[in-house]
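Trainee: coords please:
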Amino acid sequence: MIRLTALLRVLVPTLVMATSAMAADYDVVINNGRVMDPETNFDGVRNVGIKDGKIVAITKDTIKGKETINAKGHVVAPGFIEGHQHATDQFSRKVNLRDGLTTQMDFEAGAGDIAKWYAGAEGKTQSNYGMVVLATLARASVLDGPEIAASGNEMGELFRSVVPGAAAKAQKEGRKPGWSSTLPNKEEMTKILSYVDEGLRQGALGVGIPVGYMTTGVTSYELYKYQELAAKYGRISNGHVRFAGIRPPTEGALGIQEMLSNAMVLDAPFMAVHLNSVMDWEYTIPLINAAREKRGAKVWGEVYPYAAGSTIASTDILSESSMAQMGITYSDVSNLDGTRWDKAMYEDVRKNDPGRAIVIYNNPEKDIGKWMAAPGVVVVSDGMAIQDAKGNYYPWDSPYEGKSVHPRSAGTRAKVLRMVREEKLMPLMEAISKMSYLHAKYFDELGGIPHFKTKGRMQEGMDADIVVFNPDTVRDNSTYKPGMGAIPSTGIPYVLVNGTVVVKDSVVQKVFPGKPIRFPVLAKGRLDQINIEPRVFIPNQ
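Mentor: Below you'll find the model as predicted:
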């Protein structure tokens, strides 16, 4: 007995020391926060332990780590996700991190050379990143020339160089740009699809088909072929609406129906972009939801919390017939410096600066809360690249002030959280879900992207992409005013990406823990699995 007592005297302190060491064996600990998990509806004050990029403990027990965050009075939620953020440069990503965005992808547009795009992002990206292959660049390469497509590889570069370049070349030749206006023949169509197929082979997450910029160049058949090819890989097709407005014969709902019907026939995933911009969201949102919930279709839609949109001056949406269809006029369009258009400016900019970023005031402010609270939709920003007047990106350490861009590029998620607080827009848990878990659920279960099985959730074993925000103070600060478009959100003092603290005390740290969201590169493409019939194509005029 004496020997046992002596042994215990030796072992007990050792066990206590071992237990203490285990308690401190976390990379990061978030203490005293209100943990909210949208998948399980868990909502309670807990301590969170993070190790090797994963959430490994959610507990009432006292835990310690190498780095500790006191989250008292704050919500600890899954990091926000979105598939419709065009800005891929470091400064824009930095601004997005201040808004809680931990996984940032562009499904509407995308990139041309997928291998090049992912290689360029590796080790240089603060948030998780992913990309689709862009059908527009495939068309530009074939119908305007490979040198034009080579001058830009993604949306920010597209605005800066490809669109103006294609437009300038077309004007010199006395025609409209091929990428937007030409109906390809069979040979050209085969080349376009080959370009898209190569992007999918290289691991692109799907196909971006911004048909609203190519309304007179892309037939319904071509649109179907893009979706059919994406379906051969089991990947997402993302469709910009072909039209906007509610007046026949070119109602916005028709563009949604066009791609929705293709997706249902092909049993393929389809994400409908910014349904609020269609101006018929009261019909299209229930339509998409019914197709998914009642028919099992792999489809969903997205909205953003702003009445105005932002795009480039050459968009088909700004044709005079389309503006009349939407019920807007020249003065409903403005430059980023706030200058409203008139007819003379409309004609000048559309002809001489077609790639200029502009703002379109096309929806009533009173409806924002209605489409945001609609069930089933996810929240995105449709954020534009934050660039100077010449279309150049800003360096990472550039000041936030003095940047003119649509405020959605900087403030989308904080605006939703502010609206939840001030307007009782929806329950806080639902808002968090629309910005995190619901994205992950759709991308995984409908879109077949396995990375999202462990994202969008505050649970043990999940990726430690986490946002810590104060529900009583969080707010957006970016506005439409010149120089105020990139003012960062406040009330989000901490953001983690893969377990690394990227935002600390509301200061973005210069660390780059982002990981790629990408399918494996395949040895062979799948274009040979679909047929292209020559009879449907109209020779170039």
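Trainee: Not counting residues beside it along the chain, what's closest to Pro395?
Mentor: Among residues not flanking Pro395 along the chain, Phe91 sits closest, at 6.5 Å (Cβ to Cβ, 6 or more residues apart in numbering). For the C-beta atoms, the positions are set from N, CA and C on the backbone; glycine is no exception.
Trainee: gap between the one you found and Ser409?
Mentor: 11 Å (Cβ to Cβ, to the nearest Å).
Trainee: Show me the shaky parts of the protein.
Mentor: Across the chain, the ranges flagged by pLDDT under 70 are 1-24, 155-156, 158-175, 534-541.
Trainee: quick revisit: phi, psi for the residue nearest to Pro395 please.
Mentor: Here is the backbone geometry of Phe91 (degrees, to the nearest 10): phi -70, psi -40.
Trainee: So what's the residue count around it?
Mentor: 21 (other Cβ atoms under 10 Å).
Trainee: OK, contacts around it?
Mentor: Ile386, Tyr393, Tyr394, Pro395, Trp396, Ser398 (Cβ atoms under 8 Å, 6 or more residues apart in numbering).
Trainee: and it, how far is that from Gln126?
Mentor: 11 Å.
Trainee: before we move on, what about Ile114?
Mentor: In terms of Cβ to Cβ, Ile114 sits 21 Å off from Gln126.
Trainee: go on, Thr88?
Mentor: 11 Å.
Trainee: before we move on, what about Gly208?
Mentor: 23 Å.
Trainee: if you count what's nearby, which of the two comes out ahead?
Mentor: Remark: of Gly208 and Gln126, Gly208 carries more neighbours, 33 against 26, as counted by other Cβ under 10 Å.
Trainee: What helix or strand is Tyr226 located in?
Mentor: helix 220-232 (DSSP states H and E).
Trainee: and that helix, what does it pack onto?
Mentor: Packing partners of helix 220-232 (3 or more Cβ pairs under 8 Å, 6 or more residues apart in numbering; DSSP states H and E): helix 186-201, strand 206-209, strand 236-239, helix 252-266.
Trainee: Buried deepest among those, which one?
Mentor: Greatest average neighbour count among the helices and strands packed on helix 220-232 goes to strand 206-209 (a mean of 31), per mean count of other Cβ atoms under 10 Å.
Trainee: Let me see the residues that make contact with it.
Mentor: 106-110, 132-136, 196, 199-200, 218, 223, 226-227, 229-230, 235-240, 259, 269, 447.
Trainee: Now do the buried residues in stretch 482-498.
Mentor: 483-498 (16 or more other Cβ atoms under 10 Å).
Trainee: Using PDB, write down the CA coordinates of it.
Mentor: Only the C-alpha atoms of stretch 482-498 are listed here, as PDB (Å, rounded to 0.1, in the frame of the first residue of the first chain):
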ATOM      1  CA  PRO A 482     -16.300  58.200 -55.400                       C
ATOM      2  CA  GLY A 483     -13.300  57.000 -53.500                       C
ATOM      3  CA  MET A 484     -15.500  55.100 -50.900                       C
ATOM      4  CA  GLY A 485     -16.100  51.800 -52.700                       C
ATOM      5  CA  ALA A 486     -13.500  49.800 -50.900                       C
ATOM      6  CA  ILE A 487     -13.900  51.000 -47.300                       C
ATOM      7  CA  PRO A 488     -13.800  47.800 -45.400                       C
ATOM      8  CA  SER A 489     -16.500  46.400 -43.200                       C
ATOM      9  CA  THR A 490     -16.200  46.700 -39.400                       C
ATOM     10  CA  GLY A 491     -17.300  44.500 -36.500                       C
ATOM     11  CA  ILE A 492     -15.500  41.400 -38.000                       C
ATOM     12  CA  PRO A 493     -12.300  41.500 -35.900                       C
ATOM     13  CA  TYR A 494     -11.100  37.900 -36.600                       C
ATOM     14  CA  VAL A 495     -11.100  35.700 -39.700                       C
ATOM     15  CA  LEU A 496      -9.300  32.400 -40.000                       C
ATOM     16  CA  VAL A 497      -8.500  30.500 -43.200                       C
ATOM     17  CA  ASN A 498      -7.500  26.800 -42.800                       C
END
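Trainee: and the helices and strands packed on helix 220-232 as a markdown table, adding distance to Asp316?
Mentor: Below are the helices and strands packed on helix 220-232 laid out as a markdown table (distance: least, Cβ to Cβ, whole Å):
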| stretch | distance to Asp316 |
| --- | --- |
| helix 186-201 | 19 |
| strand 206-209 | 14 |
| strand 236-239 | 14 |
| helix 252-266 | 11 |
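Trainee: quick one on the thing from earlier: so which of the buried residues of stretch 482-498 is the closest to Gly355?
Mentor: Checking the buried residues of stretch 482-498 against Gly355 with Cβ to Cβ, the nearest one is Gly485 at 17.8 Å.
Trainee: right, and the closest one touches Gly411 too?
Mentor: No: judged on Cβ atoms under 8 Å, Gly485 makes no contact with Gly411 at a distance of 9.0 Å.
Trainee: Give the residues shared as contacts by those two.
Mentor: Joint contacts of Gly485 and Gly411 (Cβ under 8 Å, 6+ apart) are Ser478.
Trainee: Okay, Arg235 and Gly199: tell me how far apart.
Mentor: Taken as Cβ to Cβ, the span from Arg235 to Gly199 is 10 Å.
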